[in-house]
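Asks: my questions are about this predicted structure, shown below with the sequence.
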Amino acid sequence: MSFASPFSTGSAYARGSALLRRNWGWIVFRGALALLLGVVTILFPLNALFAFTLVFAAYAGADGILSLIAGVRGATKKEDRWWAMVLRGVIGIAAAVAVALMPEVATLSYALVTLGVLIAWAFLTGALEIAAAIRLRKEIKGEWLLGISGALSILLGVWVWTMLWLYPIASILSVAWVIAAWAFFAGFTLISLGIRLKRLQAVENGLESRSDETK
């Protein structure tokens with residue numbers, strides 16, 4: 001008697017699901033980074049522009065590096081949708097470099113540019129996460145958590161853009177609290193998704209082992 005894996009459909013959806021399951025640790029670590037971002041953002045004064053920019057650059061850069069590593073691993077194993085993680089990684093690293101290498105870090109103009117980079121990053125990464133959740137809805141349970149994470153990123157971008165357009169000075173001083181709230185929600189959401197994916201991967205590994213034993 002053989003035990004067929006419910007994930008081994010050979011479809012693009014299944015391969016994308018496998019890429020996420022095998023990188024569940026990356027998703028949990030991203031969640032932990034988001035929580036750390038929330039904590040650090042609250043601890044710093046609201047007008048500490050230099051601190052805010054460094055925290056955002058560190059988060060975007062670390063998230064980008066982790067995404068890039070996961071995407072490259074997926075490409076070497078010829079898994080589907082690996083390019084989405086590579087794209088996310090490039091976006092994150094580019095955002096971090098753009099923020100970290102700009103001069104005049106304590107000026108108002110720099111703060112405005114930093115918020116502009118944050119808006120673009122939030123929209124692009126949020127759209128990628130929502131697209132992945134839609135594609136994988138038939139393959140994994142809890143894909144809505146990935147969709148919520150993406151929606152939260154887009155909402156962050158919309159809020160910052162709106163405040164920046166209507167009240168540029170006020171948005172610079174108060175954006176830390178909104179970023180902290182987003183970071184906490186996104187962090188817990190990503191950690192929950194990573195734990196679900198870990199359990200799915202454990203089930204998949206167990207089924208494969210039992211299948212090998214019966215051959």
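Replies: Noted; the coordinates are in hand. Numbers count the residues shown, from 1 in each chain.
Asks: residue ranges with poor pLDDT in this protein?
Replies: Scanning the chain for pLDDT under 70 picks out 1-23, 44-53, 78-81, 102-114, 136-143, 168-174, 201-215.
Asks: for it, what spans make up the helices?
Replies: 12-22, 24-43, 49-76, 82-100, 108-135, 143-166, 168-213 (DSSP state H).
Asks: what packs against the fourth one?
Replies: By that I understand helix 82-100. Using 3 or more CB pairs under 8 Å, 6 or more residues apart in numbering; DSSP states H and E, the elements in contact with helix 82-100 are helix 49-76, helix 108-135. From N, CA and C alone the C-beta is placed, and that goes for glycine too.
Asks: quick one, what contacts Ala34?
Replies: Counting by CB atoms under 8 Å, 6 or more residues apart in numbering, Ala34 makes contact with Tyr59, Ala183, Phe184, Ala186, Gly187, Leu190.
Asks: switch to 7 Å and redo it
Replies: Contacts for Ala34 (CB atoms under 7 Å, 6 or more residues apart in numbering) come out as Ala183, Ala186, Gly187, Leu190.
Asks: and which of those is nearest Lys198?
Replies: Lys198 lies nearest to Leu190 out of those, by CB to CB, at 12.5 Å.
Asks: residues near the spatially closest residue to the closest one that is not a sequence neighbour, how many?
Replies: Spatially, and ignoring its direct neighbours in sequence, Leu190 is nearest to Gly31 (3.3 Å; CB to CB, 6 or more residues apart in numbering). Burial of Gly31 is recorded as 23 neighbouring residues (other CB atoms under 10 Å).
Asks: for the nearest residue to Trp161 once chain neighbours are set aside, what are its contacts?
Replies: Leaving aside its sequence neighbours, Trp161 sits nearest to Ile119 (CB to CB, 6+ apart; 5.0 Å). Residues near Ile119 by CB under 7 Å, 6+ apart: Gly157, Val160, Trp161.
Asks: one more time with 8 Å, if that's ok
Replies: Here Ile119 is in contact with Gly157, Val160, Trp161, Leu164 (CB under 8 Å, 6+ apart).
Asks: from these, which is closest to Arg199?
Replies: Gly157 (31.4 Å).
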